[in-house]
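A.B. asks: Predicted structure and sequence below. I'll ask about it afterward.
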Amino acid sequence: MKNYLGIGVSIGLLAAVWTQASVALGLITWVGFVAWATYFAAGGGATGLRNGLLANLSGVVYGWLVAQFLTVATFPGALAIAVGVIALAMCLQAGFAPLSFIPGAFVGAASFFGTQFAFWPTVLALVIGAALGWLSGVLGAKIQAVVGPPPSAEATPA
C-alpha cells in the first residue's frame, strides 16, 4: 500500500486545486477528471498523455460531427445512425497508433454530449485534465522517491 502514497498525495492535492480553480473559473470540472483518468487508463507517461488526449479530442470532433449531422437530418433514427457511424470510426481509427486508445475516443464524445455540445469548453477541460494527469504522475514519482521505494511494475496504477 505504501507504494501508492506518492501518487495518492499528488492526485489528492492536484484534485483539490483543480476543483477549486475550475469552479472559480467556470470550467467543466468533471470533464477534467475524466481526461485525467484517461491519462492513467492509456498507460500514463508520455504515451498515455499523447494517446489519451488525442483520442479524447478525436471523440469531441466525432461528437461535433454528430451535432452537425443532426442539424440537417431530422428523420427518426438519425441520432442512432450517427452514433453508430462514429462508434465505428472511433474503433477503426485505432489502427493509427496515436489514436489507438479506443476508450479515450468514447470518453471524448461522451464528454462533448454531456456538456450539451460545448465544443471549446470541453476541449479546454480535456487538455487541462490530461496535463493534470501527467503532472500528478511526475509529482507522484518524486513524492514516492522521498517516502519510500518506487512502486514495482506490478503495483503501478494503470
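C.D. replies: Noted; the coordinates are in hand.
A.B. asks: Flag every buried residue along the helix or strand where Ala35 lies.
C.D. replies: For Ala35, the element it lies in under DSSP states H and E is helix 29-41. Neighbour-count burial for helix 29-41 flags Thr29, Val31, Gly32, Phe33, Val34, Ala35, Trp36, Ala37, Thr38, Tyr39, Phe40, Ala41 (criterion: 16 or more other CB atoms under 10 Å). C-beta: built from backbone N, CA, C; applies to glycine.
A.B. asks: now do stretch 39-59
C.D. replies: By 16+ other CB under 10 Å, the buried positions in stretch 39-59 come out as 39-44, 48-59.
A.B. asks: again, but for stretch 128-143
C.D. replies: Ile128, Gly129, Ala130, Ala131, Leu132, Gly133, Trp134, Ser136, Gly137, Leu139, Gly140, Ile143.
A.B. asks: Quick check, central residue of this protein?
C.D. replies: Most central in the chain under CA atoms, centre = their mean is Ala35, positioned 2.1 Å from the mean C-alpha point.
A.B. asks: The nearest residue to that residue once chain neighbours are set aside: what's it in contact with?
C.D. replies: Spatial nearest neighbour of Ala35, excluding adjacent residues (CB to CB, 6 or more residues apart in numbering): Gly129 at 2.9 Å. Remark: with contacts taken as CB atoms under 8 Å, 6 or more residues apart in numbering, Gly129 is in contact with Trp18, Val31, Gly32, Phe33, Val34, Ala35, Trp36, Thr38, Tyr39.
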